[in-house]
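K.L.:
take a look and give me a structure for this.
(2 chains)
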2 protein chains.
Amino acid sequence: MAKKVAYLGPAGTYAEQAAVSYDPDAEGVPCPSIPAVAQAVERGDADEGVVPIENSLQGSVTFTLDLLIHDSNLFIRNELVLPIHHSLLAAPGTRAKDITVIYSHPQALAQCQDYIAKHHPKAEVVASLSTATAVQELAKHGKNAAAIGNLRAAELYGAEVLASNIEDNPNNVTRFVVLGKTPSARTGSDKTSICFWFDDDAPGLLYKVIKSFHELEINLAKIESRPTRESLGRYIFLIDMDGHRDDARVKKALAEVEKQVSILKVFGSYPKAIAPV
Amino acid sequence: MAKKVAYLGPAGTYAEQAAVSYDPDAEGVPCPSIPAVAQAVERGDADEGVVPIENSLQGSVTFTLDLLIHDSNLFIRNELVLPIHHSLLAAPGTRAKDITVIYSHPQALAQCQDYIAKHHPKAEVVASLSTATAVQELAKHGKNAAAIGNLRAAELYGAEVLASNIEDNPNNVTRFVVLGKTPSARTGSDKTSICFWFDDDAPGLLYKVIKSFHELEINLAKIESRPTRESLGRYIFLIDMDGHRDDARVKKALAEVEKQVSILKVFGSYPKAIAPV
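P.N.:
Okay, the predicted model is just below:
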């Protein structure tokens, strides 16, 4: 039986593209939201789930961070790095000069705003729930409509490609994580993601944690904060570090940090993505 | 001539409420976006501008952080902390039991989802550009429509209050900052906001910065990271600290940190908000 991989759907999103690149033989399970992807894995409707966690232009996907912090005990089993290339798509036969309205997810519209201003300055831009939905609904939107999405969506929904690589910034990359019920084994080139917080608000607490990692020569790849939801000015810290939790140094650092914080949650250790997929 | 204060409009938003609480005598200048608020101040169309920077449930307003980092040299002159209380509003005469559709900004809808599920489980929820727009357009949406917004919007647009304080989490507070062309003077109870980044990717660079603050006994109130937009995994760090840049210790720490980083940008020093306005 093929492995089932849940993703933020519908089919034709960048998340599906990431899921397919992760396991081309898996059966895709499209889900309507990031929490729904996690629920599909928790309920056993899928073996793993693929959700976006960070974009090189927009920063963290806070829905995913908050899910990992508050609402899920799934492990991060893998990371995937996907270059984002947007295309201008339309129903077959549509001419670029006839476009009066462009549909897409607000982030995709924002990432192509220079292109739109240059090539379709008079077009109205309209938000869709996802890039895939925008392409899927092209037929409904009449002859003068275009959508911004990926080539996979064009193929799936029979749209024509009017222009490719229309993103304003070529450094547009999204990192996805694969969630599952079991942790990943050590490969020798791994990353570990954690979050922690303090019940006290004493100065210097965060400094001590960072010092513990520094003294054990553990490189911190990312540090981020999210609200505790309890009061303004109190934060949950998220750190990505090099190494696997089974590495001796990482294990020692995590044991030390655990003594310094109120709650330490390890989201998982997983192979470091080597290059964009 | 009254001072002019730009804010994220239209009239009746929480940002306007913050602007009014900041200076009840000022003339309000509603702007269509966060960058437009900064531009109004830069062009001299307003003396100061009020923009949201952080919510206790949703975290940082990344548009504002990215504006301060990349697109503006205005100073943060003040901070305002506003408790967010949502109300269910409708055209006069509407009965709560007849509501079939609820309009608001997606964040407000998300912050009231338990209330909606309990009291209006069958209502359709529809996104608006702002809470104020949702209230403003009530008349357009027919007899069975409601909007989620604040009491000021109800007053401005003649809506009736069907229910108050319908937010699911009572710890719902937004911090706004006041932007202007000149820095704020030292008051003795101040905060300083900075950002910095490194051209190199050597391990331990962030640790050294945090150590410099720690050794000078400067309390860090917030630490946050944003993408450089150049490549995934490279970050700009933002720190809020206690103290004014004219305080001897803060001055010394900033001078030290400036030597350690590639770029240091001080957004400003400003009086610490004492309590919710």
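K.L.:
ok, residue A:191 to chain B distance?
P.N.:
Remark: distance between residue A:191 and chain B (C-beta to the nearest C-beta, to the nearest Å) = 11 Å. Every residue, glycine included, has its C-beta placed from N, CA and C.
K.L.:
near chain B, which residues of chain A?
P.N.:
Contact residues, chain A versus chain B (C-beta under 8 Å from any C-beta of the partner chain): A:54-59, A:62, A:81, A:127, A:169, A:171, A:173, A:175, A:203-204, A:206-207, A:210-211, A:213-214, A:217, A:219-227, A:229-233, A:235, A:237.
K.L.:
so how do I select the buried members of these in PyMOL?
P.N.:
Buried residues among the residues of chain A next to chain B (16 or more other C-beta atoms under 10 Å in any protein chain shown), as a PyMOL selection:
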select buried, chain A and resi 54+55+56+57+58+59+62+81+171+173+175+206+207+210+211+213+214+220+221+222+223+224+225+226+227+229+232+233+235+237
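K.L.:
which ones among the residues of chain A next to chain B are found in helices?
P.N.:
Secondary structure from DSSP state H places A:62, A:206, A:207, A:210, A:211, A:213, A:214 of those in helices.
K.L.:
quick check: the last one touching residue B:204?
P.N.:
Yes - counting by C-beta atoms under 8 Å, residue B:204 is a contact partner of residue A:214 at 5.8 Å.
K.L.:
quick one: average pLDDT of the lengthiest helix in chain A?
P.N.:
Across chain A, the longest stretch assigned as helix under DSSP H is helix A:248-260. Mean per-residue pLDDT for helix A:248-260: 98.
K.L.:
and the next helix or strand past it?
P.N.:
From helix A:248-260 onward toward the C-terminus, using DSSP states H and E, the following helix or strand is strand A:263-271.
K.L.:
returning to what we had before: from the residues of chain A next to chain B, which ones fall inside strands?
P.N.:
Mapping the residues of chain A next to chain B onto strands (DSSP state E) picks out A:54-55, A:59, A:81, A:127, A:173, A:175, A:220-227, A:235, A:237.
K.L.:
find the residue at the geometric middle of chain A.
P.N.:
For chain A, the residue nearest the mean C-alpha position is residue A:52 (1.2 Å; C-alpha atoms, centre = their mean).
K.L.:
how far away is that one from residue A:224?
P.N.:
15 Å (C-beta to C-beta, to the nearest Å).
K.L.:
ok, back up a step: show me what the longest helix of chain A is packed against.
P.N.:
Applying 3 or more C-beta pairs under 8 Å, 6 or more residues apart in numbering or on different chains; DSSP states H and E, we find helix A:248-260 packed against strand A:190-197, helix A:205-215, strand A:263-271.
K.L.:
now the shortest one: buried residues?
P.N.:
Neighbour-count burial for strand A:190-197, with 16+ other C-beta under 10 Å as criterion, is recorded at A:190, A:191, A:192, A:193, A:194, A:195, A:196, A:197.
K.L.:
the second one touches residue A:81, doesn't it?
P.N.:
I take that to be residue A:191. No - using C-beta under 8 Å, residue A:191 is not in contact with residue A:81, being 11.8 Å away.
K.L.:
could I get the pLDDT score of residue A:277?
P.N.:
Per-residue pLDDT puts residue A:277 at 43.
K.L.:
cool, and residue A:215?
P.N.:
Note on residue A:215: pLDDT of 96.
K.L.:
rewinding a little: enumerate the beta-bridge partners assigned to the residue nearest to the centre of chain A.
P.N.:
Residue A:52 has the following beta-bridge partners by DSSP bridges: residue A:176.
K.L.:
any idea how far it lies from residue A:260?
P.N.:
In terms of C-beta to C-beta, residue A:52 sits 31 Å off from residue A:260.
K.L.:
for residue A:183, same thing?
P.N.:
Taking C-beta to C-beta, one finds residue A:183 at 23 Å from residue A:260.
K.L.:
one more: residue A:91?
P.N.:
Taken as C-beta to C-beta, the span from residue A:91 to residue A:260 is 59 Å.
K.L.:
of these two, who's got more company?
P.N.:
Per other C-beta atoms under 10 Å in any protein chain shown, whichever of residue A:91 and residue A:260 has more neighbours is residue A:91, with 19 against 15.
K.L.:
so the more buried one touches residue A:147, yeah?
P.N.:
No - the criterion here is C-beta under 8 Å, and residue A:91 misses it with residue A:147 at 9.5 Å.
K.L.:
mind listing the shared neighbours of the two?
P.N.:
Overlap of the contact sets of residue A:91 and residue A:147 (by C-beta atoms under 8 Å, 6 or more residues apart in numbering or on different chains) consists of A:138, A:159.
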